[in-house]
Structures are given as structure tokens and as C-alpha cells.
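Novice: from the sequence below, what's the structure:
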Amino acid sequence: MKSSTYLFYDIETSGLSKCFDQVLQFAAIRTDLDLNELSRDEIIIKLNPDVIPSPGAMVVHRVPLSVIKQGENECDAMAQIHALLNTPGTISLGYNTLGFDDEFLRFGFYRNLLPPYTHQYANRCGRMDIYPLVLFYCLYKPDVLQWPTRHDKPSLKLEDLNAANHLADGHAHNAMVDVEATVALAKQLKQETKVWDYIAAYFDKQTDLDRMGSLPAPITTGTQDYLYGLMLDGKFGADAAYQCPVLGLGGHQHYKNQTLWLRLDQEKLQQTSPDDVKDTTWVIKKKPGEPPFLLPPHDRFLRLSEARAALVNDNLAYLKANPDILKAITHYYQQDVYPDVAHLDVDAALYQSGFPSRQEEALCQKFHAASSKDKLGYLEQFTHPGLRTRALRVMGRHYQTELPEALAAEFDDYLAMITQGHTEHVRDYRGVVHITPQQALAEADALARAGELDPEQQTLLAEWVAYLEAQSES
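Specialist: Sure thing, here's the model as predicted:
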């Protein structure tokens with residue numbers, strides 16, 4: 001990957017739904033590959049009328065309603081962010097960006113008719129994430145940082161690492177403060193150059209694939225070698241030392257960018273029959289160049305308890321002695337597909353809509369480049385119903401005065417469905433229903449009753465309650 005700059009970034013959002021919430025604050029610092037700062041950007045984005053903000057999110061990042069009202073419209077802001085991440089030679093990264101921020105941006109790009117994936121591969125661009133590096137250093141090079149704890153366990157939260165290592169000043173969950181902390185954190189990690197280079201190379205797809213291919217294969221059945229590796233992921237938890245031995249089942253037969261890895265530390269694994277594979281096994285899906293990463297199962301990497309190591313060895317021996325069961329597990333997961341979602345909203349259909357044609361891409365570019373008045377002419381040229389609806393929503397959110405009466409009424413009908421809480425037919429790709437104003441108000445009431453907010457947060461919460469009440473009455 002011949003990249004020339006890092007773009008450290010962070011986002012603060014209206015909530016956790018990647019499909020129905022939005023970015024409110026974007027901050028970024030561009031550095032050279034030696035982490036010397038070159039430039040910084042900060043963008044505040046106006047709240048869309050069809051977004052129901054989560055009161056919990058709003059009091060955490062503390063961005064006031066008065067500030068958000070003065071922000072840029074989402075269409076223009078996402079175009080700016082898209083340009084930053086797609087600047088040739090850019091590696092975009094942050095803290096847990098591949099676990100949250102990157103997918104959130106992808107849906108923001110998609111919703112606003114921008115290519116959602118080009119920052120991953122085009123024009124020498126790529127992605128990294130500091131969080132998996134921190135995980136590796138915590139296990140294998142702990143002297144590089146002071147490690148905070150919560151409840152007598154290591155805490156890998158950025159705010160705790162910041163406090164323990166004095167990385168940046170300011171409130172946690174302010175986007176620019178978190179970016180400054182992440183850059184400072186990267187500088188400390190990069191002092192151990194060999195460790196940095198080793199784990200950073202996992203973000204290169206070919207390197208990741210080559211390393212996977214070099215793992216040992218303790219089981220071979222027919223023409224398939226079952227690879228054995230040690231998977232690292234924060235989701236495994238501190239008690240498991242963030243690691244899990246896994247057995248590779250090969251690639252998925254329908255999702256060609258996925259490989260499948262069977263957890264070997266599951267007590268029910270030896271109870272598996274061809275009819276209950278789902279109930280007794282746990283498989284992790286992995287894409288090349290993305291976490292979780294696989295280490296060779298060498299003694300220097302293993303941090304397994306005696307009981308857990310014995311269970312892994314017993315399960316390996318069981319699978320080796322029962323190739324028909326292993327074959328049934330492999331077949332089940334290689335053929336398992338995501339279920340269709342009824343009432344999937346058009347803004348949530350990124351993974352189901354397929355890639356646009358070149359003509360559609362060109363039309364989207366013209367739509368973005370046009371003035372607000374001229375966008376209407378391009379809107380009428382969209383023949384694909386999904387693209388046409390997304391374009392209409394962009395117009396309705398930001399340029400409604402340019403819409404003729406019939407199209408304005410179409411958008412208003414959609415908006416009323418959201419604000420009046422009739423969202424049972426507005427679902428994301430997991431089938432989760434769009435939040436209603438009534439649910440957000442109930443969340444706000446629970447926050448107030450808990451009595452854990454400081455005075456600034458109480459003021460912010462009152463502002464958002466008033467906003468939600470007005471929205472539900474519109």
C-alpha cells in the first residue's frame with residue numbers, strides 16, 4: 001500500500017443506528033507517515049428533520065442544539081468528508097473506527113449518493129484502526145503505555161487511556177479531543193517500530209491473506225486444510241485475554257470476501273450433530289485486511305488458562321476424529337445467508353442494493369455538483385427507484401423549497417411517518433425499527449430520573465426534550 005498520509009478522524013453522532021442516525025461532528029488531523037501534523041478539519045452538521053436523536057448520545061458528546069442548528073447540511077458535509085477520506089494516498093484511521101465510525105460513514109455516504117467504498121481501495125487509499133494495535137501492545141508489549149483499569153480489569157477505552165497517559169486535554173467524546181488523543185497514542189505506540197509495522201501490516205489485505213495461508217493445518221479432510229490460528233478481538237474480553245483459538249472453515253460460498261473461523265473454546269462443540277450446528281457452535285466471519293486478526297498459535301502469543309487450553313485440545317481431537325461432524329459444520333456456515341428483511345428502508349439498503357451502474361454513478365456526481373435549484377432536473381432522471389427515493393430525501397431534507405408541490409408532499413408524508421411514530425415499516429438491515437420520538441422521550445425521562453447528569457448535561461437534556469416534543473407534535 002503506497003500511501004503518503006494518515007487521516008486520523010473521529011465522529012460524534014445522534015445515536016448508534018448506522019442507518020437512521022447521522023454524524024453531527026466530524027474532526028480529523030492529517031499527518032505524514034511519521035505522524036507529523038499537516039492539517040486539521042472540523043465540521044459540524046445540522047440535524048436532519050427525519051433523524052430522532054438519542055438523548056443519551058447527545059448528553060455524552062455535549063454538542064448543544066444551538067450549535068447543531070448552525071451546522072452544514074448533511075449532503076454538503078458528507079461530500080467534504082468523502083473528499084478527505086478519498087484524497088489520493090490517504091490511510092484513514094482512528095480509535096475503533098473499523099468497529100463503528102467507518103460503517104457509520106459508509107451509510108452516510110450511501111444515503112447522500114456518494115460512493116461508500118472507494119476510500120477503502122481506490123487511489124492508493126486504505127484503512128487502519130488504532131484499537132487493534134492497542135490490544136496487541138496490551139498483551140505483548142505492555143511497557144509502552146500506562147494501562148488504566150476498571151473493576152480490576154484493564155480498560156482499553158480511549159478516555160481512560162487518555163487520562164492515564166496524559167494524551168490530550170478536553171472533554172472525552174469531543175471529536176477533536178479524541179482525534180488529538182489518538183494521534184498522541186499512535187506516537188507512543190510507533191516508538192516500538194517493529195511491533196507497529198508487524199500489526200499494521202495486517203490491514204493490508206494481501207499480507208493478511210498470506211499470513212492466514214501460512215497458519216498450521218492440524219486437520220485435513222479430502223482436499224480441505226483446516227487452518228489453526230489465534231484470533232485477537234476486544235469482544236472476547238479481558239478474562240479471555242482478548243484471544244481465542246479458532247479453526248478455519250474456508251471461505252463463504254455466497255459472500256466471497258468472508259472467511260469463517262470456528263471457536264475452539266466452546267463446551268458444547270462436542271455435542272454437535274448435523275441437525276443442531278447453530279445451537280452448539282460459534283463461528284466468526286472475517287474479511288481480509290480487517291480485524292479481528294489471526295496470529296500463529298505460538299507459545300509466545302498464547303495466554304490461555306490451563307482449563308481453556310485443555311478444552312481447545314479436546315475439541316481439536318474430537319473434530320479430527322469426527323470428520324463428518326466437521327464437514328457438517330463447514331457446510332452449514334459456508335451456505336448460511338443473511339435473512340431478507342421485510343420493510344427494509346431505502347436508506348438502510350446499502351448491503352442489498354448492489355453497485356450502481358456507471359451511468360448512475362455519473363448521474364449522482366452531476367446531482368452533487370449541481371446548484372440546489374438545478375438538482376431537481378437530475379432528480380427526475382433517476383430511473384432506479386432506490387436512487388430516486390434517496391435523491392428525493394436529500395432534496396426534502398435540505399432543499400425542499402426547490403421541490404414542486406407533489407414531490408414536497410411525498411417527502412412530507414415520509415417525514416410525518418417518522419415524527420408521528422409510525423415507523424413499524426421502517427427497518428434497518430438487521431430488522432430493527434426506526435426509533436420514534438416517544439421512545440426518545442422515554443429515554444430522556446430515564447436519564448433524568450437516574451440523577452447522574454452534571455448541570456451542563458441537565459441543561460442539554462432539557463433542550464433536547466423540548467426539541468423532541470416539538471418534533472412529535474409537528
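Novice: for the lengthiest helix in the chain, list every residue counted as buried.
Specialist: Taking DSSP state H as the criterion, the chain has its longest helix at helix 455-473. The neighbour-count check on helix 455-473 (16 or more other C-beta atoms under 10 Å) flags Gln457, Leu460, Leu461, Trp464, Val465, Tyr467, Leu468, Gln471, Ser472 as buried. C-beta coordinates here come from the backbone N, C-alpha and C atoms, glycine included.
Novice: may I see those residues organised as CSV, with pLDDT added?
Specialist: Below are the buried residues of helix 455-473 laid out as CSV (pLDDT from 0 to 100):
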residue, pLDDT
Gln457, 94
Leu460, 94
Leu461, 94
Trp464, 94
Val465, 94
Tyr467, 92
Leu468, 92
Gln471, 84
Ser472, 79
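Novice: which of these sits closest to Thr5?
Specialist: Distances from Thr5 to those, taken as C-beta to C-beta, are shortest for Leu460 (35.3 Å).
Novice: the closest one and Gly56 touch, don't they?
Specialist: No - contact criterion C-beta atoms under 8 Å: Leu460 and Gly56 do not qualify, at 11.2 Å.
Novice: give me the neighbour count for the closest residue to Thr97 other than its chain neighbours.
Specialist: Once flanking residues are discounted, Thr97 sits nearest to Asp129: 5.2 Å by C-beta to C-beta, 6 or more residues apart in numbering. Other residues near Asp129 come to 23 when the count uses other C-beta atoms under 10 Å.
Novice: and Asp129, how far from Gly99?
Specialist: Separation of Asp129 from Gly99 (C-beta to C-beta, to the nearest Å): 7 Å.
Novice: let's see stretch 350-358 as PDB, backbone CA atoms only.
Specialist: As requested, C-alpha coordinates have been extracted for stretch 350-358 and formatted as PDB (Å, rounded to 0.1, in the frame of the first residue of the first chain):
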ATOM      1  CA  LEU A 350     -26.500  -0.500   1.300                       C
ATOM      2  CA  TYR A 351     -25.800  -4.200   1.500                       C
ATOM      3  CA  GLN A 352     -28.800  -5.300  -0.500                       C
ATOM      4  CA  SER A 353     -28.900  -2.700  -3.300                       C
ATOM      5  CA  GLY A 354     -25.900  -3.800  -5.300                       C
ATOM      6  CA  PHE A 355     -23.400  -1.500  -7.000                       C
ATOM      7  CA  PRO A 356     -24.700   1.300  -9.200                       C
ATOM      8  CA  SER A 357     -24.000   1.300 -12.900                       C
ATOM      9  CA  ARG A 358     -21.500   3.800 -14.400                       C
END
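Novice: what comes up buried for that stretch?
Specialist: Buried residues in stretch 350-358, counted by 16+ other C-beta under 10 Å: Leu350, Pro356.
Novice: outside of it, which residues touch it?
Specialist: With contact meaning C-beta atoms under 8 Å, 6 or more residues apart in numbering, stretch 350-358 is reached by Arg106, Phe107, Tyr110, Pro116, Tyr338, Val341, Leu344, Cys364, His384, Gly386, Leu387, Tyr429.
Novice: any quick ChimeraX command for the buried ones out of the residues you listed?
Specialist: To isolate the buried members of the contacts of stretch 350-358 in ChimeraX, using 16+ other C-beta under 10 Å:
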select :106,107,110,116,341,344,364,384,387,429
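Novice: secondary structure and pLDDT added to the contacts of stretch 350-358, as a markdown table?
Specialist: Formatted as a markdown table, the contacts of stretch 350-358 follow (DSSP: H, G, I helix; E, B strand; the rest coil; pLDDT from 0 to 100):
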| residue | secondary structure | pLDDT |
| --- | --- | --- |
| Arg106 | helix | 98 |
| Phe107 | helix | 98 |
| Tyr110 | helix | 98 |
| Pro116 | coil | 97 |
| Tyr338 | coil | 90 |
| Val341 | coil | 94 |
| Leu344 | strand | 96 |
| Cys364 | helix | 95 |
| His384 | coil | 90 |
| Gly386 | helix | 93 |
| Leu387 | helix | 94 |
| Tyr429 | coil | 95 |
